[in-house]
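*Asks:* Quick one: sequence and predicted model below, then my questions.
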Amino acid sequence: GHKWTYTGPDGEEHWHEHYPFCHGTFQSPIDLNSELLRYDPTLVPIEVWNYNLSSYEQLTLGNNGHSVQLSLPRRMHLSGLPHRYSAAQLHLHWGSPTMPAGSEHTVNGKQFTAELHVVHFNSDRYPNVSVAADKSDGLAVLGILIEVGDYNPSFGQFLKYLDGVKYKDQRIQVPAFDIRGLLPARMDEYYRYDGSLTTPPCYPSVLWTVFRNPITISEEQFLALCTSVFSSSQQESAPVPLNGNYRKSQDSEDRIILVSFRE
Ligand SMILES: NS(=O)(=O)c1c(F)c(F)c(S(=O)(=O)CCO)c(N[C@H]2CCCc3ccccc32)c1F
Ligand SMILES: [Zn+2]
């Protein structure tokens, strides 16, 4: 597909010129504003299955120029949603050393340091994530807000390999680990709304679950994330740091945001 970036002539204001859904309805991310929240007692705790991967297994860590992503085996899946959703990949959105805030979802206008997305697809109905990606019930993404605080050993399990994927289109195999360690302790408190991919092609195909409680990574881990990778390829003469890879808040079009918790 057509080149897109987060700033400049191919930045988010221009995405719709080649990706029409980016100008459409149900776009993500949105501000999770208290005025729009509705408590829904039917929202059960999210359950994750087979997230505790063995270190004998290897995962593909890659730099696609837009983010760093980790492939996930499809036996990892979620229950507690309308369908079974199997894992496809996880990736991150972050800010920069000078402007550290880089989450996509915001809470009452507060932008967090970064955000982790674990992308799953509806494996009851579709064979893989690419077929599911443009279907209205195709994807379920877990959003985990990230703050700077205590060191996060689970994050360390793949941040330590970032030097192997410094440039666009580089990928390496890394030992798997317990992906549950990247999620917050409480999986019963979350925001839920119908939204979209936050990158082109912006398909309105995502059932979003953003956990109420952020996880923490250390200042050093944050700096490693926003200084180790480039959106340019190794061949290019001028290396372009990969950071600020977050889409701005979209109009919530008076969408209802369900919450599994009472204020
Ligand atoms: N924020 S987000 O909306 O969760 C989100 C991203 F931010 C993001 F960069 C990606 S990407 O890395 O694939 C680059 C552009 O699609 C995805 N890809 C998903 C959905 C699109 C189709 C597909 C096919 C195979 C594997 C993953 C995916 C994405 F879903
Ligand atoms: Zn994402």
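*Replies:* Sure, I can see it. All values derive from a computational prediction rather than experimental measurement. Ligands and ions are numbered 1, 2, ... in the order given.

*Asks:* need the contact list for the nearest residue to H77 once chain neighbours are set aside.
*Replies:* In this structure, H77 finds its nearest non-sequential neighbour in S86, 4.4 Å apart by Cβ to Cβ, 6 or more residues apart in numbering. Heads up, the C-betas are built off the backbone N, CA and C, glycines and all. Residues near S86 by Cβ atoms under 8 Å, 6 or more residues apart in numbering: 74-77, 120-121, 123.

*Asks:* any idea of the mean pLDDT in the strand or helix carrying S86?
*Replies:* Assessed by DSSP states H and E, S86 sits inside strand 85-94. Along strand 85-94, the predicted confidence averages to a pLDDT of 98.

*Asks:* Tell me which strands that strand pairs with, and in which orientation.
*Replies:* Here strand 85-94 has these sheet partners by DSSP bridges: strand 68-71 (antiparallel), strand 77-79 (antiparallel), strand 114-122 (antiparallel).

*Asks:* Mean neighbour count and mean pLDDT added to those, as TSV?
*Replies:* Formatted as TSV, the strands paired with strand 85-94 follow (neighbours: other Cβ atoms under 10 Å; pLDDT from 0 to 100):
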stretch	mean neighbour count	mean pLDDT
strand 68-71	22	98
strand 77-79	19	97
strand 114-122	25	99
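
*Asks:* for the ones you listed, which one sits closest to D134?
*Replies:* For these, the distance to D134 is smallest for strand 114-122, at 11.1 Å, taking Cβ to Cβ.

*Asks:* Just the pLDDT at G143, thanks.
*Replies:* 99.

*Asks:* any idea what sits nearest it, other than its immediate chain neighbours?
*Replies:* With Cβ to Cβ, 6+ apart as the criterion, G143 has its nearest non-adjacent residue at 3.8 Å, and that residue is V210.

*Asks:* got the buried residues for the helix or strand hosting W208?
*Replies:* Per DSSP H and E: W208 is located in strand 206-211. Across strand 206-211, burial judged by 16 or more other Cβ atoms under 10 Å covers 206-211.

*Asks:* so what strands line up beside that strand?
*Replies:* strand 139-148 (parallel), strand 190-195 (antiparallel).

*Asks:* Could you confirm whether the strand holding S86 reaches ligand 1?
*Replies:* Yes. Residues of strand 85-94 contacting ligand 1 under Cβ under 6 Å from any ligand atom: 88-89, 91.

*Asks:* Which elements pack onto the helix or strand following that strand?
*Replies:* On the C-terminal side of strand 85-94, the closest following helix or strand by DSSP H and E is strand 106-107. Using 3 or more Cβ pairs under 8 Å, 6 or more residues apart in numbering; DSSP states H and E, the elements in contact with strand 106-107 are strand 31-32.

*Asks:* Against which helices or strands is the strand it packs on packed?
*Replies:* Judged by 3+ Cβ pairs under 8 Å, 6+ apart, the packing partners of strand 31-32 are strand 106-107.

*Asks:* Adjacent strands (with direction) for the strand it packs on?
*Replies:* According to DSSP bridges, strand 106-107 has the following sheet partners: strand 31-32 (parallel), strand 110-111 (antiparallel).

*Asks:* what's in contact with the first one?
*Replies:* Read it as strand 31-32. With Cβ under 8 Å, 6+ apart, strand 31-32 has contacts from 105-109, 191, 210, 249, 252, 257.

*Asks:* In CSV, list these along with distance to ligand 1.
*Replies:* Below are those laid out as CSV (distance: Cβ to the nearest ligand atom, whole Å):
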residue, distance to ligand 1
H105, 10
T106, 15
V107, 17
N108, 21
G109, 20
Y191, 15
V210, 12
S249, 14
S252, 17
I257, 17
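
*Asks:* Pick out the most distant pair among the buried residues of strand 206-211.
*Replies:* Among the buried residues of strand 206-211, V206 and F211 lie farthest apart (Cβ to Cβ), at 15.3 Å.

*Asks:* List the buried residues in stretch 56-73.
*Replies:* Under the neighbour-count criterion of 16+ other Cβ under 10 Å, stretch 56-73 has 59, 61-72 buried.
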